[in-house]
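J.: I'd like to go over a predicted model; first the sequence, then the structure.
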Amino acid sequence: MKKQTIVIALAILVLIGLGWVVVGKKGGEKIASDDITTVATTTKKIYENSSFGINFNYPSNLFVEESKNNILITSIPPNDPRRQSSAMMGALSLFVAQGKEIKNIQETRKKETLSSKEVTLDGHKAVELTSVPDGYSGGTWISILVKTKNGILEIRYLKGTTYEEAYLSIIESIRIQ
């Protein structure tokens with residue numbers, strides 16, 4: 001009788017654990033497993049920017065938007081009204097700082113940083129900074145700073161978003177020219 005109770009209890013725990021994995025729990029937010037599958041099985045596109053001196057692969061279900069010194073990668077399509085809201089905080093940003101902007105980024109990130117560690121990006125030495133949770137989103141920002149021929153490349157994203165796995169995949173695919 002005691003063995004049967006233990007076996008039943010273990011079976012229930014396994015089922016609960018499987019349910020947890022299927023639903024997906026990340027950062028206190030339930031994520032539909034469909035979203036994760038979509039990101040993982042989407043075809044890839046190649047982005048190249050000779051001015052920035054970089055290229056990378058990104059899922060075709062994400063959108064890339066360029067401005068003077070910034071590349072924004074997001075799940076929100078152009079012309080969508082959510083682009084004007086806090087929903088854009090879930091985007092991946094690549095910014096090339098030059099001249100005075102370099103000092104500004106260094107000073108700003110120094111004030112925000114909770115921890116830092118040395119990392120490598122495409123064979124280049126880089127620094128990964130983890131920020132203190134910001135007052136607006138409550139989230140933790142990750143910034144990766146790496147020197148390129150055109151300045152300092154800052155790669156920045158909000159940790160714990162639905163697309164974090166896709167963003168990490170993009171970061172790993174970055175090639176610095």
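T.: That came through, no problem.
J.: use CA for all of it now, contacts and neighbours both
T.: Will do.
J.: Low-confidence stretches in the chain?
T.: The chain contains residues with pLDDT under 70 at 1-42, 85-89.
J.: got the contact list for residue 130?
T.: Going by CA atoms under 8 Å, 6 or more residues apart in numbering, residue 130 touches 113-116, 140-143.
J.: Please, which helix or strand holds it?
T.: strand 124-131 (DSSP states H and E).
J.: What is the helix or strand following that strand packed up against?
T.: With elements assigned by DSSP H and E, the helix or strand that comes after strand 124-131 is strand 141-148. Counting contacts by 3 or more CA pairs under 8 Å, 6 or more residues apart in numbering; DSSP states H and E, strand 141-148 is packed against strand 124-131, strand 151-158.
J.: Could you point out which of those strands sits nearest residue 71?
T.: With CA to CA as the measure, strand 151-158 is the member of the helices and strands packed on strand 141-148 nearest residue 71 (9.4 Å).
J.: For this protein, which segments are assigned as helices?
T.: Counting by DSSP state H, the chain has helices at residues 2-23, 33-41, 100-112, 164-173.
J.: Which members of the contacts of residue 130 are the farthest-apart pair?
T.: Top of the distance list for those (CA to CA): 116 and 140, 12.9 Å.
J.: just to revisit the earlier point, and which of the contacts of residue 130 is nearest residue 81?
T.: Among the contacts of residue 130, and counting by CA to CA, the member closest to residue 81 is residue 141, at 23.7 Å.
J.: ok, now which ones touch that closest one?
T.: 130-134, 156-159.
J.: and those residues, which are buried?
T.: Those of the contacts of residue 141 that meet the buried threshold are 130-132, 156-159, by 16 or more other CA atoms under 10 Å.
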